[in-house]
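**Student:** Build the 3D model from these lines:
(4 chains)
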4 protein chains.
Amino acid sequence: MSSNSIGKTFVITSFGESHGKCVGIVIDGCPAGLPLSKKDIQIELEKRRPGFSEISTQRREEDQPEIISGVHNGFTTGAPLTIVVWNKDVDSKSYELIRDRPRPGHADYTARMRYGGFNDYRGGGRFSGRITASFTMAGAIAKKLLKRMNVEILAHTVQIGDVKLLKRVTYKEIKKNVYQNNVRCADLRISELMEKEILESLEDGDSLGGIVEGIALGIPAGLGNPIFDTLDADLSKILFNIPSVKGIEIGTGFKVASLRGSENNDPFMIKNRKVVTKTNNAGGILGGLSTGMPIVVRIAFKPPSSITKKQRTVNLIDQKEDDLEILGRHDPCIVPRAVPVVESCMALILVDHSMRLGLIPPVLN
Amino acid sequence: MSSNSIGKTFVITSFGESHGKCVGIVIDGCPAGLPLSKKDIQIELEKRRPGFSEISTQRREEDQPEIISGVHNGFTTGAPLTIVVWNKDVDSKSYELIRDRPRPGHADYTARMRYGGFNDYRGGGRFSGRITASFTMAGAIAKKLLKRMNVEILAHTVQIGDVKLLKRVTYKEIKKNVYQNNVRCADLRISELMEKEILESLEDGDSLGGIVEGIALGIPAGLGNPIFDTLDADLSKILFNIPSVKGIEIGTGFKVASLRGSENNDPFMIKNRKVVTKTNNAGGILGGLSTGMPIVVRIAFKPPSSITKKQRTVNLIDQKEDDLEILGRHDPCIVPRAVPVVESCMALILVDHSMRLGLIPPVLN
Amino acid sequence: MSSNSIGKTFVITSFGESHGKCVGIVIDGCPAGLPLSKKDIQIELEKRRPGFSEISTQRREEDQPEIISGVHNGFTTGAPLTIVVWNKDVDSKSYELIRDRPRPGHADYTARMRYGGFNDYRGGGRFSGRITASFTMAGAIAKKLLKRMNVEILAHTVQIGDVKLLKRVTYKEIKKNVYQNNVRCADLRISELMEKEILESLEDGDSLGGIVEGIALGIPAGLGNPIFDTLDADLSKILFNIPSVKGIEIGTGFKVASLRGSENNDPFMIKNRKVVTKTNNAGGILGGLSTGMPIVVRIAFKPPSSITKKQRTVNLIDQKEDDLEILGRHDPCIVPRAVPVVESCMALILVDHSMRLGLIPPVLN
Amino acid sequence: MSSNSIGKTFVITSFGESHGKCVGIVIDGCPAGLPLSKKDIQIELEKRRPGFSEISTQRREEDQPEIISGVHNGFTTGAPLTIVVWNKDVDSKSYELIRDRPRPGHADYTARMRYGGFNDYRGGGRFSGRITASFTMAGAIAKKLLKRMNVEILAHTVQIGDVKLLKRVTYKEIKKNVYQNNVRCADLRISELMEKEILESLEDGDSLGGIVEGIALGIPAGLGNPIFDTLDADLSKILFNIPSVKGIEIGTGFKVASLRGSENNDPFMIKNRKVVTKTNNAGGILGGLSTGMPIVVRIAFKPPSSITKKQRTVNLIDQKEDDLEILGRHDPCIVPRAVPVVESCMALILVDHSMRLGLIPPVLN
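**Tutor:** Just a heads-up that it's a prediction; the model follows:
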């Protein structure tokens, strides 16, 4: 019943706080024999590192991962892998001011109710987006395992505020462009509009939401474990674990509501001697199992709750309403930094299910 | 790693097939001392029973539940509760025709890949919507437990095809009207339009999708178990377990993508000496924990894949493309029958989380 | 947290009561493609069937298993397998007398405290040895799977009361003799003495304990999942789940306490080009992992608590001490009927661990 | 399926290696609001610290625990608690010699088979007794929680080699004497004999086994979760997780085999207005549930496999038999250092089960 663990064969256990000593992850079930170095983890952490551009939080963490167990002579040993990022640029002073006045949209109030006020509220504690660094570290390993199966995970920003990616982008464009611009959009012209949109909201002391699309290429047909551990259910669970997510859709998603069966069904056909579907409204998942087509997920992120604009809240000590002005360092739009986190979360679920069906063995060679 | 079980304290294990002997559920962790009779289960099963109207499948199951373990002298004993519905109106002949020609949009192809062709394909087997009868039986018990906490679960149809519920309906209207019309819509005028929409698609040999909204009233603040067993993640997982679901959103959902923080944040205020939020864009969940406001979820259902219109598929024996005409008895729109299933799924998660925090004790009195 | 489930890949969920409608089992994770008929289950149930001889309970159950889900056309489908034995020879009248006067040595008192008196006390309810019929049904399937790996599970009675099996018996003798005598002893001369011992205690209105030895042959080296899901820990857990067990030892067991390392260590050697150990004090397990040598476990069973001799207890209504005479039908010694249950429990753990390492695939062919 | 985690509400995840950077533990599910300092952990670690006497390994670790997550302002926060002991006195040179020649009685061979040779073999890696430092750290917290329920856990050495504790010792003597002598025996005269026994075997280049008894006082009646998560089954599982354990017995244990029911049954009686049993052959557990009497467990430890006497093994490279002389620093008898580990393991299970029944709330105050 560990609520800080997820997965059944490739099990990750997250620990640490935003302003505590560290953020860390234990990975239990990683096969023995995977070459692994600090650098493999670093690459993924780098993609979500705070402080990389004008439109991200100004907290500047080096985010150097330290592997403290599970690797010997450069290979995973089959024992639990533990990786830690030590927090260095911590500045908690602004959080005393809001201790008794919960920030609207944040977990301050609900966490206080859940943990009787004992929760570490500094920087949001366990509820901070910083916790996703632990997802990313585990995701780095998951991606290495998937690569051996020729599975590739992509993610890109498809909407920020009112700026949407209108035309379809190719996988090639996604791979080439996403990490070449600050908003993680595959269309470089749209990316400029998105960045402008963020800067405008920042000037207004406000924040912006958006949508990320995640894609898994190369997943063989038949992956998933009905009826509860279906691919879509498990993907949606882990993606909802990313702070600020308010909606998930697979394939054609919410639009299916207004479609007829004859429009939505993907006809089967033969292509290069393989069974494929002509269209992919299903987003690569039927009956909770992979179809062999690309798995496509879209995730809606709310605008960050921390804004500098004045807001109304309640002082929990005297139970009176009050004004609130939030200080501290915050992302005006979390979407760009969520892109690698979406990739990691997808990779974690896909590795877990691949191991459950024996597609990745307990010892590699 | 039981993939047919869900929950951590109130654990359900589903078994049975659409055209096998039965559909059943084992419930482990139900407190001892709950008065329980067959009738309590019957009431919920009745709501999703096939064959109740012109717009549902013509398979006519009596759906009489039989409690085969866990109840003694009219009370739950604390031992596993097992409840079974014996399948009676089974007609499997049409399924031989499609055995080697997977129906587009169905799990026929993916299940064959997953289980090497050993899966029971008759009526969709484990992938049939009929399996949700097991969710409903467990949900009946979950609802009884929630009632003791003064928690109420509602669900209603908000969209079928292009017909949408435009104005906001009250909880009172939902309670009064939903089960008084065939489409489970709280607005009786809209319900007529929805029914007409379904009949039109049925005449065309086609099917329709839609959206259900689920609401939980009375959940206290602070329910949920971060960082992975959050309320939203666990709700989304179980709701994606309902066949045909392609999208989930909480509160304002996908619309948050185009909102600014100042629009989306729900300010805290005091009302009747209680901390509440002025608006409920969060849908009752912040940081994965309940806020004390109504929990609001919307679920997108695709149009049923079984349509009588001719479709293209592949014959898996000779690997050639082929035409397919589906026979059998099917729902032209699953949304109305999904409404009680959504209620049950929400109830199951909310009971599990309530028990995890000790809000429902192991022995009732 | 389902406490009526055990296993991580091959997961069994037990349900039912001694005097309820049935005793049943759900098996989740059984590979698809295993040929399975009622008869396969029947064979194992037969071995532990009550009423087979003068020295077992006179309750005469036919114990005809019914497979109610998970099998189609004679093969497992990969969906949950549910098997039920319907209780027929139930006589609960004697249990009303002892409802408020807990039988010494039984779970009457502890179950009442645990479940607030709502537990089904008839025939011991969930605490009855009858529940092990569900272990045996699952064990029948586990044994079929192990046979494909050339693993064989044996068990035999090594002690009843003061009668002990003194000389070592061969595996051949165990296979040949165990089910040819009423006490399940591999030495037919000792078996007569054991049977006599039981009859003597029966005449005195008393009961007898004993020891069963379980052996697994053919397990490859390296099975097990440290550091908590070790083979010895998982075997001991499931064996302690058999009612009346009070002790477990592996290999040389408790005798190691008085040995020196040089006596207890099993030297490695080469035999038929394979690494083996010269002795097997370890009982086939080192560091929680199999060594490739036979796995040897011994299990101590207490004398059945139901005796006809007068005993002292407490009337829980008026909280006064009282005499108690137990009626009903009981085994004077549970050991003979425990032998097949030990086999089944060992098989269940060994299949689970074999599946975890991919030694049994999710689809058989 | 995390095999390095145990528990269902109070879940511990162990990581680290004997000669790696650290040994650590993540505790998920510890209630919020428990005062906790490094010193609380230190006290328990101290009891099992290597190098404390002539009869323990000469590896001298300071074993200073560092809490790296889950505590804020001196109280647990409800977030995962992570505690680490950094390895300092590591000397791995002697392990290269034995890399390809498995030490008899050790996990060298089985681990190599399980992990394809990728396991960290230095100092036994994950199979080292050093890993129990992580159990002790978690146990320190479990004990603090149990103290609030007035539950006390004791353990003491009852046998080393041929020296046995013959007369019964009182709980008072156990509490007073155990940590006042090097062998953790409650009878100070016997303790001298035991120490002498160990020194003699050490002089012979040999090692000794023994038996530890664990006792839990103050556990209320009705604790446990049948039918698989029974108290005895869960205790035996975790106790078998301690390296070198080869047998477990509850209460009268293996002696029940030669008893009659009338001798073994514990009659119920009233004492101080409470239902108790006259004797405690059951060791405080009936039907897997606590009776309210002291829980009594005995655990058999084999003699440490590392002895300086010459032994026979196999060189795995050329598959030839060979002599082996083990260097390195080892305990000649692990029993004294196992005593606090037994205490911790019992405490961990008892806290988990207490939390499952709501006897310890999720937030303390």
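**Student:** Quick one: the helices in the stretch 101-250 of chain A, in order.
**Tutor:** Counting by DSSP state H, counting those that start in this stretch, the stretch 101-250 of chain A has these helices, from start to end: A:108-115, A:132-148, A:171-177, A:188-203, A:231-240.
**Student:** list the contacts for A:Y109?
**Tutor:** If you count contacts by CB atoms under 8 Å, 6 or more residues apart in numbering or on different chains, A:Y109 has them with A:P102, A:L316, B:A221, B:F268, B:V275, B:L286, B:T291. Heads up, the C-betas are built off the backbone N, CA and C, glycines and all.
**Student:** Go ahead and confirm the last one touches B:N281.
**Tutor:** I take that to be B:T291. No: in this structure, B:T291 is not within contact of B:N281 by CB atoms under 8 Å, at 10.8 Å.
**Student:** Give me the common contacts of those two.
**Tutor:** Common contact partners of B:T291 and B:N281 (CB under 8 Å, 6+ apart): B:D266.
**Student:** Looking at the two, which one has more neighbours?
**Tutor:** Ranked by neighbour count (other CB atoms under 10 Å in any protein chain shown), B:T291 and B:N281 place B:T291 first, with 30 against 23.
**Student:** Need the phi and psi values for that one.
**Tutor:** Main-chain torsions, B:T291, degrees, to the nearest 10: phi -90, psi -10.
**Student:** What residue in the stretch 251-365 of chain A comes nearest to chain D?
**Tutor:** Of all residues in the stretch 251-365 of chain A, A:V363 sits closest to chain D, at 3.8 Å by CB to the nearest CB.
**Student:** D:G116 versus that residue, what's the distance?
**Tutor:** According to CB to CB, to the nearest Å, A:V363 stands 4 Å off from D:G116.
**Student:** From chain B, how far out is A:G247?
**Tutor:** Using CB to the nearest CB, to the nearest Å, we find A:G247 at a distance of 4 Å from chain B.
**Student:** Could you double-check that that residue sits in contact with B:K246?
**Tutor:** No: the pair A:G247 / B:K246 is not scored as a contact, 11.7 Å apart, by CB under 8 Å.
**Student:** Looking at the two, which is more packed in?
**Tutor:** Counted by other CB under 10 Å, A:G247 and B:K246 do not tie: A:G247 has more neighbours, with 31 against 27.
**Student:** The residue of the stretch 251-365 of chain A closest to chain D: how many residues sit nearby?
**Tutor:** A:V363: 19 surrounding residues under other CB under 10 Å.
**Student:** and what of A:N365?
**Tutor:** Neighbourhood size, A:N365 [other CB under 10 Å]: 9.
**Student:** With A:F254 instead?
**Tutor:** A:F254 has 22 neighbours, counted by other CB under 10 Å.
**Student:** ok but it is inside a helix, no?
**Tutor:** Yes: counting by DSSP: H, G, I helix; E, B strand; the rest coil, one finds A:F254 located in a helix.
**Student:** who touches both of A:V363 and D:G116?
**Tutor:** Joint contacts of A:V363 and D:G116 (CB under 8 Å, 6+ apart) are A:A32, A:G33.
**Student:** What strand or helix carries the residue lying closest to A:L202 once chain neighbours are set aside?
**Tutor:** Counting by CB to CB, 6 or more residues apart in numbering or on different chains, the nearest residue to A:L202 once its immediate chain neighbours are dropped is A:P332, at 4.2 Å. Using DSSP states H and E, A:P332 maps to neither a helix nor a strand.
**Student:** what's near enough to touch A:P332?
**Tutor:** Residues counted as contacts of A:P332 (CB under 8 Å, 6+ apart) are A:I55, A:I198, A:L199, A:S201, A:L202, A:D206, A:S207, A:L208, A:P304.
**Student:** Filter those down to the buried ones and express that as a ChimeraX selection.
**Tutor:** Here is the ChimeraX command that selects the buried residues among the contacts of A:P332 (16 or more other CB atoms under 10 Å in any protein chain shown):
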select /A:55,198,201,202,206,207,208,304
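**Student:** And the furthest pair within the contacts of A:P332?
**Tutor:** Comparing all pairs in the contacts of A:P332 by CB to CB, the longest separation belongs to A:L199 and A:P304, at 14.5 Å.
**Student:** I'd assumed A:M293 was in contact with A:T277.
**Tutor:** Yes: counting by CB under 8 Å, A:M293 is a contact partner of A:T277 at 5.6 Å.
**Student:** so what's the closest residue to A:K302 other than its chain neighbours up against?
**Tutor:** Leaving aside its sequence neighbours, A:K302 sits nearest to B:V256 (CB to CB, 6+ apart; 4.0 Å). Neighbouring residues of B:V256 by CB under 8 Å, 6+ apart: A:G209, A:K246, A:G247, A:A300, A:F301, A:K302, A:P303, B:N264, B:N281.
**Student:** from those residues, which is closest to D:G16?
**Tutor:** Looking across the contacts of B:V256 and measuring by CB to CB, the closest to D:G16 is A:F301, at 36.3 Å.
**Student:** can you give me phi and psi for the nearest residue to that closest one once chain neighbours are set aside?
**Tutor:** Among residues not flanking A:F301 along the chain, A:S244 sits closest, at 4.8 Å (CB to CB, 6+ apart). A:S244 adopts backbone torsions of phi 80, psi 0, taken as degrees, to the nearest 10.
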